[in-house]
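Chemist: Build me a structure from this.
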Amino acid sequence: MKKLINKINNLSRIITNFDNKFQITKNSASLSFYILLSLVSVFLIVFQIMQTSNLFASFFLANIIDIFEENFYKDLSSVLPSFSLSGFSVLLILNTFYSASKTINGYNRIADYIYFEVKNRVGWKNRLSAFLMFLMLLIVFLFELSILLFGNYLFLQVLKLNYYLVKVIQFVLEFTIIYFTINLLFIYAPPRRMNLKKTYKGSLFSTISIYLLLTLFITIINLVNKFSVGISILTFISYSLIVLFLINCILIIGLIINYYGEVNLFKLLKKKKLTFKKV
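Modeler: Numbering: from 1, shown residues only. Sure thing, here's the model as predicted:
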């Protein structure tokens, strides 16, 4: 028993030392804040556009919202003004630009720290580049997600394939979506020129970890809905924030794996000082 406690203490010390070395939890919390601001702004803009064009009432997102809270959609519709290039909508667009660029620049800064190199990233061009990268990641993910949803309908309703075969195909599609989206981020973020050969290890680790985390998250939500009256939007957001924080931790570790490859990371913990060079 004493040996087990000592092993747990040693493991805890190693994890703490590793976290302090790369400030994983601190950086993850910061990234989660800006990602949350970006996603909320994007969601509200899309909500306003859909509401203006009378498409939102038949849009699948309205049904998803109703799962969590019956009156949430109606309350949000009554509070938010319609979309226009003035007032509240402009503030949302500016907030999206700021938060999205801060998110990508945050990944850039973390990658600089991991790679011991500092790339000059200042000025409005850098902000615009980071914002466009965020949009590209978002568009790629949504595009691949739409393919996944359409494919699910195609396989089950049109082609009428076996249910378990569809689940296998769905798993492959989901895994591929997450993997290539993460690869895009890992290629862009570091201060060095990267390619798939240099990013596949960290991307594979991050994809497997994130997929398992999301599976656990969905399972918990389903269990809560099954054994209780229902899940409130506040509870769902709380769970989502925890998942978002853990995903950022996983992505940062993925960046570390890409840099060090097969090198024993525990040897790095013995270094007393980290040195940087400008590129």
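Chemist: So what's the residue count around the nearest residue to residue 133 once chain neighbours are set aside?
Modeler: Sequence neighbours aside, residue 104 is the residue nearest to residue 133 in space, at 5.0 Å (criterion: Cβ to Cβ, 6 or more residues apart in numbering). Where you see a C-beta, it was placed from the backbone N, CA and C, and this is true even at glycine. Residues within reach of residue 104, counting by other Cβ atoms under 10 Å, total 27.
Chemist: got the contact list for residue 104?
Modeler: If you count contacts by Cβ atoms under 8 Å, 6 or more residues apart in numbering, residue 104 has them with 130-131, 133-134, 188-189.
Chemist: From those residues, pick the one nearest residue 241.
Modeler: Closest approach to residue 241 among those (Cβ to Cβ): residue 134, at 18.9 Å.
Chemist: so that closest one touches residue 38, yeah?
Modeler: Yes: at 6.8 Å, residue 134 counts as touching residue 38 under the criterion of Cβ atoms under 8 Å.
Chemist: Find residues that contact each of the two.
Modeler: Residues within reach of residue 134 and of residue 38 at once, by Cβ under 8 Å, 6+ apart, are 100, 103.
Chemist: Distance check, residue 26 against residue 210.
Modeler: Using Cβ to Cβ, to the nearest Å, residue 26 is found at 20 Å from residue 210.
Chemist: So between the two, which is more surrounded?
Modeler: In this view residue 26 and residue 210 are compared by other Cβ under 10 Å, and residue 210 has more residues nearby, 21 against 11.
Chemist: Residue 189 - how many residues pack around it?
Modeler: 24.
Chemist: before we move on, back to that, list the buried residues in the helix or strand containing the residue nearest to residue 133.
Modeler: Per DSSP states H and E: residue 104 is located in helix 88-115. Using 16 or more other Cβ atoms under 10 Å as the test for burial, helix 88-115 gives 89, 92, 95-115.
Chemist: now do stretch 248-264
Modeler: Within stretch 248-264, the residues scored as buried using 16+ other Cβ under 10 Å are 248-259.
Chemist: Need the worst-confidence member of those.
Modeler: On pLDDT alone, residue 259 ranks lowest of the buried residues of stretch 248-264, at 84.
Chemist: could you give the angle of whatever helix or strand that residue lives in to helix 88-115?
Modeler: For residue 259, the element it lies in under DSSP H and E is helix 233-260. If you take axes from the mean of the first three to the mean of the last three Cα atoms, to 10 degrees, helix 233-260 sits at 30 degrees to helix 88-115.
Chemist: For helix 233-260, name the packing helices and strands.
Modeler: helix 24-52, helix 60-68, helix 88-115, helix 163-188, helix 196-227 (3 or more Cβ pairs under 8 Å, 6 or more residues apart in numbering; DSSP states H and E).
Chemist: go with 7 Å
Modeler: When contacts are defined as 3 or more Cβ pairs under 7 Å, 6 or more residues apart in numbering; DSSP states H and E, helix 233-260 sits against helix 24-52, helix 88-115, helix 163-188, helix 196-227.
Chemist: which residues touch the residue nearest to residue 248 when sequence neighbours are not counted?
Modeler: Nearest in space to residue 248, with sequence neighbours left out and distances taken as Cβ to Cβ, 6+ apart, is residue 28 at 3.8 Å. Contact analysis of residue 28 by Cβ atoms under 7 Å, 6 or more residues apart in numbering lists 245, 248-249, 252.
Chemist: now do 8 Å
Modeler: Contacts for residue 28 (Cβ under 8 Å, 6+ apart) come out as 245-246, 248-249, 252.
Chemist: and residue 234, which of the helices and strands packed on helix 233-260 is closest to it?
Modeler: Closest of the helices and strands packed on helix 233-260 to residue 234 is helix 196-227, at 12.8 Å (criterion: Cβ to Cβ).
Chemist: Just the buried positions in that closest one, please.
Modeler: Buried, per 16+ other Cβ under 10 Å, within helix 196-227: 198-199, 201-207, 209-211, 213, 217, 221.
Chemist: tell me what it is packed against?
Modeler: In terms of contacts (3+ Cβ pairs under 8 Å, 6+ apart), helix 196-227 is packed against helix 163-188, helix 233-260.
Chemist: Buried deepest among these, which one?
Modeler: helix 233-260 (a mean of 18; mean count of other Cβ atoms under 10 Å).
Chemist: Run the angle between that helix and helix 24-52 for me.
Modeler: If you take the same axes, to 10 degrees, helix 233-260 sits at 130 degrees to helix 24-52.
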